[in-house]
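K.L.:
just a sequence and a predicted model for now, questions to come.
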Amino acid sequence: MAKPFSFKVLATDGKARRGVIDMPRGEIRTPAFMPVGTGGTVKAMYMDQVRGVGADIILGNTYHLMLRPGAERVARLGGLHEFARWPQPILTDSGGFQVMSLSKLRKLTEKGVTFRSHIDGAAYEMSPERSIEIQGLLDSDIQMQLDECTALPAEIKEIERAMELSLRWAERCKTAFGDQPGKAMFGIVQGGDNAALRVRSAQALSAMNLKGYAVGGLAVGEPQAVMLEMLDITCPELPDDKPRYLMGVGTPDDILKSVARGIDMFDCVMPTRAGRHGLAYTRRGKVNLRNARHADDPRPLDEESDCPAARDYSRAYLHHLVRSQEALGAMLLTWNNLSYYQKLMQDMRAAIEAQTFEARGAEITE
Ligand SMILES: Cc1ccc(CCc2c3nc[nH]c3cc3c(=O)[nH]c(N)nc23)cc1
């Protein structure tokens, strides 16, 4: 029987946890940053580079892949790992968030959400059952429940309606997922910026005894203080022995402060998207390579980095590539940015093991 899904907390420092998730396709060191690989590719990267910077898991997207190339086609071709040549674990989002943010003419009912593709206008239906079926066709290792993420600010009645619908959809996803050893289905806590609703959502999901829990409904434009306050309220209501995934977060500072509140897993488009827009993350802050001041600068981004993109190329060259819109510009800056994020996660894991995480604070991002 395939090695079942297991999560172990190896060390703690305050509320911060250093752990490891063991799955048949490999282990995931936590706190973990999961590069976004929406359409089965981490944009501008080869998968062996993604692995090379230290990523243990990447994200795929049900919404994008069901539209193109189609979930059944990916299944016929051996599943997403085979298709994209990424042998490690993959986490897929359920698609609801993307439907509500990308598709057209969407209609949400108890049954699910019907919508038209933003690519060719074709009509689709996404129910909790269909979302789990598609994630299964993709052979996803960690599958997310279908949920409704409320845009903030919102009326409390609206937040409550979406949170309660998401709980009913969590039950239906749990039933549809069944018992798949070696794979996991995570629930997603909703409840907007309302403490009571967050507690009700987290407690109801905890009672379902799922393998992991995501905190959704955040990173939708709310101030960092509101996001952090919701973590202070939500994390204590989730089981200590299960992984916690904060969806869509975030900047290095967001991640640091969220790890300090008990979050184990993160995803964010920022390092990859910023790389394609000429922006480099470095230990001394962000550098916009489009800026003319780099035109004659012979220095690399970070001579101490073990990432070739940060150590072996001058800022002048990177500026030239970005200004000339050369593909290599996006490739090198994405490589640098993902390397920076993975180094940040590695440094946090080491600090929690050494019990210096809380003491060092923001200095870890430098
Ligand atoms: C490939 C991929 C991209 C992005 C995501 C996470 C997308 C994402 C959010 N991003 C920012 N805030 C978010 C909130 C939610 C949420 O409440 N529910 C779901 N299902 N996804 C969210 C998952 C997978």
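P.N.:
Nice, thanks for sending it over.

K.L.:
got the phi/psi numbers for residue 76?
P.N.:
phi -60, psi -30 (degrees, to the nearest 10).

K.L.:
number of residues surrounding it?
P.N.:
Residue 76: 12 surrounding residues under other Cβ atoms under 10 Å. (Each C-beta comes from the backbone N, C-alpha and C, glycine too.)

K.L.:
surely residue 264 touches residue 16?
P.N.:
No - Residue 264 is beyond contact range of residue 16, at 9.4 Å (criterion: Cβ atoms under 8 Å).

K.L.:
around the ligand, pick out the residues from the stretch 201-350 of the chain.
P.N.:
When proximity is defined by Cβ under 6 Å from any ligand atom, the stretch 201-350 of the chain lies next to the ligand at 216-217, 219-220, 247-248, 267.

K.L.:
the residue nearest to residue 342 when sequence neighbours are not counted: what's it in contact with?
P.N.:
Take residue 342 and drop its neighbours on the chain: the residue closest to it by Cβ to Cβ, 6 or more residues apart in numbering is residue 54, 3.8 Å away. Residue 54 makes contact with 339, 342-343, 345-346, according to Cβ atoms under 8 Å, 6 or more residues apart in numbering.

K.L.:
re the thing from before, who has more neighbours, residue 264 and residue 16?
P.N.:
Using other Cβ under 10 Å, the more surrounded residue of residue 264 and residue 16 is residue 264, with 26 against 23.

K.L.:
the stretch 1-150 of the chain: strands as residue ranges?
P.N.:
Counting by DSSP state E, counting those that start in this stretch, residue ranges of the strands within the stretch 1-150 of the chain are 6-13, 16-23, 26-30, 32-34, 58-61, 90-93, 104-108, 113-116, 123-126, 142-144.

K.L.:
if we can go back for a sec, what touches both of residue 264 and residue 16?
P.N.:
Going by Cβ under 8 Å, 6+ apart, residues that sit against residue 264 and also against residue 16 are residue 31.

K.L.:
quick one: residues contacting residue 158.
P.N.:
Residue 158 is in contact with residue 150, counting by Cβ under 8 Å, 6+ apart.

K.L.:
for this structure, what are the low-confidence residue spans?
P.N.:
For the chain, the stretches with pLDDT under 70 are 1-2.

K.L.:
ok, longest helix in it?
P.N.:
helix 327-353 (DSSP state H).

K.L.:
related to what we said a few turns ago, which of the contacts of residue 54 has the largest number of neighbours?
P.N.:
Within the contacts of residue 54, most neighbours by other Cβ under 10 Å means residue 339, with 26 neighbours.

K.L.:
just give the nearest non-adjacent residue to that residue, would you?
P.N.:
Distances taken as Cβ to Cβ, 6+ apart place residue 307 nearest to residue 339, at 3.6 Å, with adjacent residues excluded.

K.L.:
residue contacts, the one you found?
P.N.:
With contacts defined as Cβ under 8 Å, 6+ apart, residue 307 is in contact with 53, 335-336, 339-340.

K.L.:
same check, this time on residue 142
P.N.:
Going by Cβ under 8 Å, 6+ apart, residue 142 touches 23, 57, 89-92, 183-186, 212.

K.L.:
any idea how far residue 235 is from it?
P.N.:
Taking Cβ to Cβ, to the nearest Å as the measure, residue 142 falls 19 Å from residue 235.

K.L.:
again, but for residue 37
P.N.:
For residue 37, the distance to residue 235 equals 27 Å [Cβ to Cβ].

K.L.:
tell me which of these two has more neighbours.
P.N.:
Per other Cβ under 10 Å, whichever of residue 37 and residue 235 has more neighbours is residue 37, with 26 against 20.

K.L.:
pull the number of nearby residues for residue 240.
P.N.:
Look at residue 240: counted by other Cβ under 10 Å, it has 12 neighbours.

K.L.:
ditto for the one 4 residues further on
P.N.:
A count of neighbours around residue 244, defined by other Cβ under 10 Å, yields 27.

K.L.:
that one and residue 215 touch, don't they?
P.N.:
Yes - counting by Cβ under 8 Å, residue 244 does reach residue 215; the two are 6.6 Å apart.

K.L.:
from the contacts of residue 307, pick the one nearest residue 303.
P.N.:
The closest of the contacts of residue 307 to residue 303 turns out to be residue 336 (Cβ to Cβ; 12.7 Å).

K.L.:
which ones are touching the closest one?
P.N.:
If you count contacts by Cβ under 8 Å, 6+ apart, residue 336 has them with 275, 280-282, 301, 305, 307, 309-310.

K.L.:
look up how far residue 315 lies from it.
P.N.:
For residue 336 relative to residue 315 (Cβ to Cβ), the value is 11 Å.

K.L.:
centroid-nearest residue for the protein?
P.N.:
Per Cα atoms, centre = their mean, the C-alpha nearest to the average position across the chain is that of residue 267, at 2.2 Å.

K.L.:
quickly list what it is bridged to.
P.N.:
Under the criterion DSSP bridges, residue 267 forms beta bridges with residue 34.

K.L.:
ok, now residue 92?
P.N.:
Note on residue 92: beta-bridge partners by DSSP bridges are residue 60, residue 143.

K.L.:
my read: it touches residue 135, true?
P.N.:
Yes - the pair residue 92 and residue 135 qualifies as a contact (Cβ under 8 Å) at a distance of 4.9 Å.

K.L.:
now the common contact residues for the two.
P.N.:
Residues touching both residue 92 and residue 135 (Cβ under 8 Å, 6+ apart) are 62, 143-144.
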